[in-house]
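Visitor: The sequence and its predicted three-dimensional model are supplied below.
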There are 2 protein chains.
Amino acid sequence: MERAAELFAERGIAATSVDDVLAAAGAGKGQFYHYFRGRDELAAAAVGFRCGQVVAGLTGALGGVSSLAGLEEALAGFAAGFEEMGMPGCPIGTLSAEVAGRNEEARLAAAAGFGAWERLLAGALERMRQRGELRAEAEPAWLATALLASLEGGMALSQARRDMASLRVAVEAGLAQVRAWAS
Amino acid sequence: MERAAELFAERGIAATSVDDVLAAAGAGKGQFYHYFRGRDELAAAAVGFRCGQVVAGLTGALGGVSSLAGLEEALAGFAAGFEEMGMPGCPIGTLSAEVAGRNEEARLAAAAGFGAWERLLAGALERMRQRGELRAEAEPAWLATALLASLEGGMALSQARRDMASLRVAVEAGLAQVRAWAS
DNA sequence: CGCACACTGTACCACGCAGTCCAGTACCCG
DNA sequence: CGGGTACTGGACTGCGTGGTACAGTGTGCG
């Protein structure tokens, strides 16, 4: 399943066959159909698995953030990582777009991944607010949604254009939105 | 090709076969391979065609906008249309994500679509600036990128969650960004 | 020891796919 | 009118696909 998550992420789900995954994993068909009902179930499981990996990485970067400077640093690191990976699109967003409307279970897994990401951002913002860096009226959940949407869109644009400029603008705009609520 | 654009948009490119398109269009294989080198060329052409349609629609909605109120109205209409369509994801973004990294020509077509959209937004913002509604220091191009990223991300989130709330937040956040530059 | 059973590899199947081929067909130009 | 040519439909091919069937294997338990 780890192999499946890798292959799905790098080639796309539709462009990866069960046989590809099995060959990469060194497993046979019998094994596969013993543990999965079919291709779609693997796809859903792999999306869930990938989201888990991504969210784990994000937790490392955002879990301890409790200041604007920390958030800026985390997002700069995120953008740098994205560039280093060759602007592959959002790891969750790409799968989500491919899967939404064709695989309900996988769609829910992707939505859960987005939810976890958003909660991570909201947590950091909430800590900023409690430390007095954000005004009391700031709404961490709302800001987190706005920030995540901005990041997601920035990645989509940068992927299509093969140019980091869009993501950088999106990050900066998201940050500006947060700063607007600074005390 | 119109049929191809429709089918690709509603089922995804990878999930649509050449035969499907031909059947929908009532055409034969000979005809197809007379006009296209193969599947990938059709995909690229269809993406370009779809982007043209979308941009044409957007031009109708944004081409005449020159005030904040007009922009708000246009974006509200956009969100309403998105909801009415059943939150299918961004018509350009979904194709773009599927095609980037696997079909260079199609990727460029999608990037051009994004570019046109962004220019439409930038034009509206520029007119707002010239009418004095935005401060002179406002940068329409930068704001347009930020706004487009926000919309794009909002659509991605709403698609995954089947819930308009995310897009609405993203639209509101993008608008807030613009208002921050109001005179 | 032996047997039952959960598990595994692989040969296999029917099917749908992209792409080829060719026998028409209609239209244009002389 | 007649012939060449640009175009068209559809049969066909080889291959990769998801899924099945089955024979084999090892392990735990009586």
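Guide: Great, that's in hand. Numbers count the residues shown, from 1 in each chain, chains lettered A, B, ... in the order given.
Visitor: Tell me which residue in chain A sits closest to DNA strand C.
Guide: residue A:30 (2.2 Å; C-beta to the nearest atom of the strand). For the C-beta atoms, the positions are set from N, CA and C on the backbone; glycine is no exception.
Visitor: could you check whether the helix or strand in which that residue is found is close to DNA strand D?
Guide: Residue A:30 is part of helix A:29-35 when elements are defined by DSSP states H and E. Yes - applying C-beta under 7 Å from any atom of the strand, one finds helix A:29-35 touching DNA strand D at A:29-30, A:33.
Visitor: With pLDDT added, can I get those residues in JSON lines?
Guide: As requested, these are exported to JSON lines (pLDDT from 0 to 100):
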{"residue": "A:29", "pLDDT": "94"}
{"residue": "A:30", "pLDDT": "92"}
{"residue": "A:33", "pLDDT": "95"}
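Visitor: From the residues you listed, pick the one nearest residue B:86.
Guide: Residue B:86 has its nearest neighbour among those in residue A:33, at 33.6 Å by C-beta to C-beta.
Visitor: What distance do you get for that closest one to residue A:13?
Guide: 18 Å (C-beta to C-beta, to the nearest Å).
Visitor: quick one, which of these two is more surrounded?
Guide: Between residue A:33 and residue A:13, counted using other C-beta atoms under 10 Å in any protein chain shown, residue A:13 has the larger neighbour count: 24 against 11.
Visitor: what sits against the residue of chain A most remote from its centre?
Guide: What lies farthest from the middle of chain A is residue A:30; by C-alpha atoms, centre = their mean that is 32.7 Å. Taking C-beta atoms under 8 Å, 6 or more residues apart in numbering or on different chains, we find residue A:30 in contact with no residue.
Visitor: Skip the chain neighbours and tell me the closest residue to the residue nearest in space to the middle of chain A.
Guide: By C-alpha atoms, centre = their mean, the mean C-alpha position of chain A lies nearest to residue A:92, the distance being 4.2 Å. Spatial nearest neighbour of residue A:92, excluding adjacent residues (C-beta to C-beta, 6 or more residues apart in numbering or on different chains): residue A:113 at 4.5 Å.
Visitor: Is the longest helix belonging to chain A in proximity to DNA strand D?
Guide: Longest helix in chain A by number of residues (criterion: DSSP state H): helix A:104-130. No - using C-beta under 7 Å from any atom of the strand, helix A:104-130 stays clear of DNA strand D, coming no nearer than 13.9 Å.
Visitor: what's the following helix or strand after that helix?
Guide: Defined by DSSP H and E, the subsequent element after helix A:104-130 is helix A:140-161.
Visitor: How far off centre is that following helix?
Guide: 10 Å (C-alpha atoms, centre = their mean, to the nearest Å).
Visitor: Distance from the chain centre to the helix or strand following that helix, please.
Guide: Counting by DSSP H and E, the next helix or strand C-terminal to helix A:140-161 is helix A:165-179. Mean C-alpha position of helix A:165-179 versus that of the full chain (C-alpha atoms, centre = their mean) differs by 17 Å.
Visitor: ok, now stretch A:46-66?
Guide: Distance, centroid of stretch A:46-66 to centroid of chain: 8 Å (C-alpha atoms, centre = their mean).
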